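A.B. asks: the sequence and its predicted three-dimensional model are supplied below.
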Protein chains: 2
Amino acid sequence: MRLAELSERSGVSTATIKYYLREELLQPGRRVSATQAEYGEDHLRRLRLVRALIQIGRMPVATAREVIAAAEDESLDHHMRLGAATQALPAGPEPDAGDPATETARRTMETLLERLGWYRESDEDEPAPVRRTLIAAVAALVRLGYPCGVEHLLPYARLAEQLAVADLDLVEREPTPEGQIEAAVALTVLYEPVLLSLRRLAHAEESARRFT
Amino acid sequence: MRLAELSERSGVSTATIKYYLREELLQPGRRVSATQAEYGEDHLRRLRLVRALIQIGRMPVATAREVIAAAEDESLDHHMRLGAATQALPAGPEPDAGDPATETARRTMETLLERLGWYRESDEDEPAPVRRTLIAAVAALVRLGYPCGVEHLLPYARLAEQLAVADLDLVEREPTPEGQIEAAVALTVLYEPVLLSLRRLAHAEESARRFT
């Protein structure tokens, strides 16, 4: 199909598609003349994925490009490519080594991960972005004096384990490695607003039950 | 305490504190002279909360002000004030009535809420922001062809129910209505990055278990 049809079927304007092509978020079409290119179903699918990462996942364009590039990097093993989306989580602030709340949060996280058996030694000195996010959020809870010890975080982690099993089952339904990687990216990012929305709706229900 | 001490104890610069005062995110201090004001522990606490909403919750300043104002609005009942934080969830795009994926997502959400017994008739024609977010995320999953029917969403919703009970138990530990409202805002917003980080860490574990 031509650019105009790709735009119509995806609901993305031709100007935005051209921008995604320049930014290498979308693979180039097959040149059919000096000014025209031909696009296929793969382009339509990629376009929908990129759109979802940016609009629903609120991912900056540069981050979406990194995620797509890691997912396509054949020098990485399957597990690493599946993890590409994880790296895209906005990182919390750099942990401030001198701050007591941050130190408490870091120790809490380490104890929690050990307790869960999730603790894998990292080669890097710096905590990965997803750990920085966790440390920053727990440090904020510590500063405000809300409960956020290992025993409070453990039930959340157990629920996260259940979600991860369900999520990976969906990923494994895809027959090809490429399909699995796309599914991992899409499901990780798109189920986040689903989960947060359902939690807020559940709060409203539970609050109505208790206080009205 | 004076502004300089408030800044030192909170780790927030005096320029930022003055900005929060102008934006009414922080209640004014008690004037002690033409140029000086005195701040108390309440100011320190509010400052930490505002900082957490903006830095960890990535909430725009205008949104944080709305949340604080609703939480303090004594014309609202306790349940409504507790729900103030819910309104601050970034809303998904306006549902496009003509789009088939959006229509599927909306019907899925309505069936899910009915099945859960969460379905409360709304006075408004427009879905609330949190529902718009859910519809937009499910519509993106529909477009990409990933499973997101009621039977797939139901386990997520059941986990969200368990989280809500645990969260509201923490809220009810606070002895005063004001304390409960602050706790509802802080715990709703700050446990979101905790939950998402733990889900991503759990993904990495589960993926390592299956694929390495």
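C.D. replies: Received the coordinates, thanks. Residues are numbered from 1 along each chain as shown, chains lettered A, B, ... in the order given.

A.B. asks: any low-confidence regions in chain A?
C.D. replies: Where chain A drops to pLDDT under 70, the residues are A:86, A:88-91, A:119-127.

A.B. asks: at 80 what do you get?
C.D. replies: Applying pLDDT under 80 to chain A flags the ranges A:76, A:78-80, A:82-98, A:119-128, A:212.

A.B. asks: how about the helices in it?
C.D. replies: Ranges of helices within chain A are A:3-10, A:14-22, A:41-55, A:61-72, A:78-82, A:100-116, A:129-144, A:150-172, A:177-211, based on DSSP state H.

A.B. asks: buried ones in the longest one?
C.D. replies: Yep, that's helix A:177-211 we're talking about. By 16 or more other C-beta atoms under 10 Å in any protein chain shown, the buried positions in helix A:177-211 come out as A:180-207, A:211. The C-beta positions use only the backbone N, C-alpha and C, and glycine is treated the same way.

A.B. asks: same check on the third one?
C.D. replies: Buried residues in helix A:41-55, counting neighbours by 16+ other C-beta under 10 Å, are found at A:43-44, A:46-54.

A.B. asks: now it against helix B:100-116, angle please.
C.D. replies: Helix A:41-55 and helix B:100-116 are oriented at 60 degrees to each other (axes from the mean of the first three to the mean of the last three C-alpha atoms, to 10 degrees).

A.B. asks: orientation of helix A:41-55 relative to helix A:177-211 in degrees?
C.D. replies: Orientation of helix A:41-55 against helix A:177-211 (the same axes, to 10 degrees) gives an angle of 30 degrees.

A.B. asks: who touches helix A:41-55?
C.D. replies: Residues from elsewhere that reach helix A:41-55 (C-beta atoms under 8 Å, 6 or more residues apart in numbering or on different chains): A:1, A:6, A:9-10, A:12, A:17, A:20, A:25-27, A:29, A:59-61, A:64, A:67-68, A:182, A:185-186, A:189-190, B:93, B:136, B:140, B:143-144.

A.B. asks: filter the residues you listed down to the buried ones.
C.D. replies: The neighbour count (16+ other C-beta under 10 Å) marks A:6, A:10, A:12, A:17, A:20, A:25-26, A:29, A:59, A:64, A:67-68, A:182, A:185-186, A:189-190, B:136, B:140, B:143-144 as buried among the contacts of helix A:41-55.

A.B. asks: wait, A:P28 touches A:E38, no?
C.D. replies: No: A:P28 lies out of contact with A:E38 (C-beta atoms under 8 Å); the separation is 10.5 Å.

A.B. asks: these two: which is more packed in?
C.D. replies: Neighbours were counted for A:P28 and for A:E38 using other C-beta atoms under 10 Å in any protein chain shown; A:E38 has more, 14 against 10.
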